[in-house]
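Visitor: Here's my sequence, what's the structure:
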Amino acid sequence: MNRLNTSRAPRPPAVLPGPDRRRDNRRPVHSRAVLTVIDGLLAGSVFEILVRDLSFSGVSFLLKEQLGVGSNCQLQILEPGRPPQTHLCEVTRSRQLSTGRYEMALQFRKRM
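Guide: Residues are numbered from 1 along each chain as shown. So this is what the prediction gives:
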C-alpha cells in the first residue's frame, strides 16, 4: 500500500515560473570548444570545454575554474561537419554547483 508522506515539503517545480530572460532559444549541443581568457585574473589561460547549449547570442558550459562576470574571452567552437566559429565573448554567469564545478555562460559580442 502506498502512503503519501505529508511531512515532506513539496518539491519545487523543474522550471521556475515567470518569463524566460533568454533572448534566444537555446539548443542542446555537445560540441568541443577552445576558450581563451583575454582579461581578468586568469588572462592568457586556455581551456578545452564541452559546450552544453548554444543560441544565437551565447553558450553555456561547465568549468573547474571560476571566471569573473564581465571578463572577456575568445571562444572557438568546433562542431563536427562545420568550419570552426570564433567569437569574442563576455562572461555573463558564473555559478558554483554542488559538484564544485562552475556553470558558466558567455554572451557573444563579436564574430571573428
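
Visitor: low-confidence ranges in the protein?
Guide: For the chain, the stretches with pLDDT under 70 are 1-29.

Visitor: can you map out the strands along it?
Guide: Counting by DSSP state E, the segments of the chain that form strands are 27-37, 46-54, 58-63, 72-78, 85-96, 102-111.

Visitor: what is Leu78 paired to in the beta sheet?
Guide: Beta-bridge pairing of Leu78 under DSSP bridges involves Arg32.

Visitor: Report how many residues lie close to it.
Guide: In terms of burial, Leu78 registers 14 neighbours under the definition other C-beta atoms under 10 Å. C-betas here are computed from N, CA, C, even on glycine.

Visitor: same deal with Ala105?
Guide: Summarising burial for Ala105: neighbours were counted as other C-beta under 10 Å, giving 19.

Visitor: Ok, Leu67 next?
Guide: Other residues near Leu67 come to 22 when the count uses other C-beta under 10 Å.

Visitor: quick one: the residue nearest to it when sequence neighbours are not counted and Arg82, what's the gap?
Guide: What sits nearest to Leu67 in space, not counting adjacent residues and going by C-beta to C-beta, 6 or more residues apart in numbering, is Val91, at 4.8 Å. Distance check for Val91 against Arg82: by C-beta to C-beta, to the nearest Å, it reads 24 Å.

Visitor: Could you check which of the two is surrounded by more residues?
Guide: Set side by side, Val91 and Arg82 show unequal neighbour counts under other C-beta under 10 Å, the larger going to Val91 at 21 against 9.

Visitor: wait, doesn't Leu62 sit right on Gln96?
Guide: No - here Leu62 does not reach Gln96: they are 10.7 Å apart, not a contact under C-beta atoms under 8 Å.
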